[in-house]
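**Student:** using only what follows, build the 3D model:
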Amino acid sequence: MSAKESGVEETKIFTAEELKKATNNYANDRILGRGGNGIVYKGVLHDTRVVAIKKSRIVDESQIEQFINEVVILTQINHRNVVRLFGCCLEDEVPLLVYEYVSEGNLFEHIHNQRGAGWLTWQNRLRIAAEIATTLAYLHSFASMPIIHRDVKSANILIDNVYTAKVADFGASRLIPLDQTRVATLVLGTTGYLDPEYFRTSQLTEKSDVYSFGVVLAELLTGLKPIFRDRNDEQKNLADYFVSSVNNNCLFQILDRVLQEENLEQLQKMAELVKNCLRPLGEERPTMKEVAIELEGLRKLNGISSFNQHRQGYNDQDELPDTYTVPIDSIPPN
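**Tutor:** Numbering: from 1, shown residues only. Below you'll find the model as predicted:
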C-alpha cells in the first residue's frame with residue numbers, strides 16, 4: 001500500500017472499534033453472506049457510508065496470504081466493474097477487509113432464481129456477460145503487471161442497484177510478471193468452474209480465467225448450476241454437458257426457458273463462443289479481449305449497444321449510467 005501512491009490516499013486503515021460499531025458488534029442480522037473462509041457483514045461507518053466487511057473465520061498462513069494478496073491487488077485497480085476496496089483493519093486477530101457495499105447480491109443467486117430475477121432478460125444477460133468479459137480483459141492487460149483472477153464464478157460477480165456487474169473476491173488472484181505467460185501454482189478454484197488443464201498441470205495462465213468465464217456464460221444461457229443433477233438424478237458437469245449438447249444440435253433443449261423465444265441465431269453464436277472458451281487446451285481458447293469484442297458485437301446485433309434505450313428490469317426512477325463497459329479499444333493488446 002505504501003508503494004502505491006494513489007492507493008495510500010484511497011485505502012484506509014480502520015480501527016477494530018470502528019468496524020465493531022459499524023456492524024453493531026458483528027450482529028447476526030448484519031450478515032450478508034457466509035463462505036468457506038469467512039463471513040461478510042453489512043456495516044455503516046461514522047460518515048454514513050454503507051460498506052461490506054469481510055471477516056476471516058480463522059487465522060492461518062493461507063488466510064493471511066489471501067488477505068495481503070487481495071489488498072495488494074485491489075489497491076492497484078480502479079475500474080467501475082471491480083468491487084472497490086476502501087481499506088482494512090490490522091488490529092484484530094483475524095484479518096478484516098472493508099469494501100463498497102453492492103446491494104443486489106451475486107449473479108449466482110439471480111441466475112438460479114433465489115432472488116426472483118425477472119430482470120434477467122436476454123439483453124441483460126448479454127450486457128452482464130460483456131461487462132464481466134471487458135473487466136477480465138482489462139485485468140489480463142493490466143499495464144504494470146497482468147492479473148489473473150483464478151476464481152471466476154457467478155457467485156463472485158456482484159450486482160449493484162442499477163444491475164451493473166462488479167467482479168469481486170481477489171483473494172486467490174495472481175499478478176503475472178510481464179515476461180511470463182504462465183506461472184506454476186498450487187491449484188485453487190471452484191469445482192465446476194476450474195480449468196481442467198490448470199488442474200492437470202498446475203500451470204496457471206490467463207486462459208484459465210477464460211475457461212471459468214465460459215462456465216458462467218453457460219449458466220447464463222441454460223439457468224443450470226455448474227454441477228447439477230439431471231432428471232435421472234445423475235450428477236452432471238455443466239461445461240461437458242453444454243459442449244456435448246451443442247455438438248449434438250440440442251442447444252434449444254437446454255436453453256433457459258426465458259430465452260427460448262429469443263433470436264436463435266444470436267443464441268447459437270453465443271453458444272459457439274461458450275464452446276470455444278471451454279476448449280480443453282488453453283492455447284485453443286480465445287483471449288478475454290477477443291471474447292469481449294465478440295460479446296459487444298452480439299450486443300450491437302441485438303440493437304442494444306446503448307442500454308439507455310432499453311430499460312428492461314428497471315423502474316422509471318432508477319438512474320442508469322451512460323455506459324456499462326470500458327471501451328474495448330482502451331484495453332491494451334494482449
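**Student:** ok, which stretches of the chain are helices?
**Tutor:** In the chain, the segments counted as helices under DSSP state H are 5-10, 16-22, 61-74, 107-111, 122-140, 196-201, 206-222, 238-247, 251-254, 264-277, 288-301.
**Student:** rebuild those helices as a markdown table, extending it with distance to Val152.
**Tutor:** For glycine as for every other residue, the C-beta is placed from the backbone atoms N, C-alpha and C. Converted to a markdown table, the helices of the chain look like this (distance: least, Cβ to Cβ, whole Å):
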| stretch | distance to Val152 |
| --- | --- |
| helix 5-10 | 24 |
| helix 16-22 | 29 |
| helix 61-74 | 14 |
| helix 107-111 | 11 |
| helix 122-140 | 7 |
| helix 196-201 | 12 |
| helix 206-222 | 4 |
| helix 238-247 | 13 |
| helix 251-254 | 22 |
| helix 264-277 | 11 |
| helix 288-301 | 10 |
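**Student:** tell me which helix or strand in this structure has the weakest average pLDDT.
**Tutor:** helix 5-10 (a mean of 48; mean pLDDT, DSSP states H and E).
**Student:** closest to Gly38 out of the helices of the chain?
**Tutor:** helix 61-74 (8.1 Å; Cβ to Cβ).
**Student:** what does the closest one rub up against?
**Tutor:** Contact with helix 61-74 is made by 1, 11, 37, 56, 82-85, 88, 94-95, 97, 147, 169-173, 175, as judged by Cβ atoms under 8 Å, 6 or more residues apart in numbering.
**Student:** make sure Ala22 is actually in contact with Asp47.
**Tutor:** No: if you go by Cβ atoms under 8 Å, Ala22 and Asp47 don't touch, sitting 10.4 Å apart.
**Student:** these two: which has the busier surroundings?
**Tutor:** Ala22 (22 against 5; other Cβ atoms under 10 Å).
**Student:** what sits opposite the residue nearest to that one when sequence neighbours are not counted in the beta ladder?
**Tutor:** In space, and not counting its chain neighbours, Ala22 is closest to Gly43: 3.4 Å by Cβ to Cβ, 6 or more residues apart in numbering. Beta-bridge partners of Gly43, counted by DSSP bridges, are Val51.
**Student:** ok, Gly43 - how many residues close by?
**Tutor:** Gly43, neighbours per other Cβ under 10 Å, totals 24.
**Student:** Asn69 - how many residues pack around it?
**Tutor:** 16.
**Student:** and if you look at Asn28?
**Tutor:** Around Asn28 there are 8 residues (other Cβ under 10 Å).
**Student:** what does Val50 give?
**Tutor:** 12.
**Student:** next: the one 3 residues further on.
**Tutor:** A count of neighbours around Ile53, defined by other Cβ under 10 Å, yields 27.
**Student:** who's in contact with it?
**Tutor:** So Ile53 contacts 19, 22-23, 40-43, 96-99 (Cβ under 8 Å, 6+ apart).
**Student:** what's the spacing between it and Gly87?
**Tutor:** 10 Å (Cβ to Cβ, to the nearest Å).
**Student:** quickly list what's touching both of these two.
**Tutor:** Common neighbours of Ile53 and Gly87 (Cβ under 8 Å, 6+ apart) are 97-98.
**Student:** run through the stretch 101-250 of the chain and note the low-pLDDT ranges.
**Tutor:** 114-117, 143-144, 177-186 (pLDDT under 70).
**Student:** in stretch 89-100, what's buried?
**Tutor:** Neighbour-count burial for stretch 89-100, counted by 16 or more other Cβ atoms under 10 Å, picks out 89, 95-100.
**Student:** from the opening residue of stretch 198-216 to its closing one, how far?
**Tutor:** Stretch 198-216 has an end-to-end distance of 17 Å (Cα to Cα, to the nearest Å).
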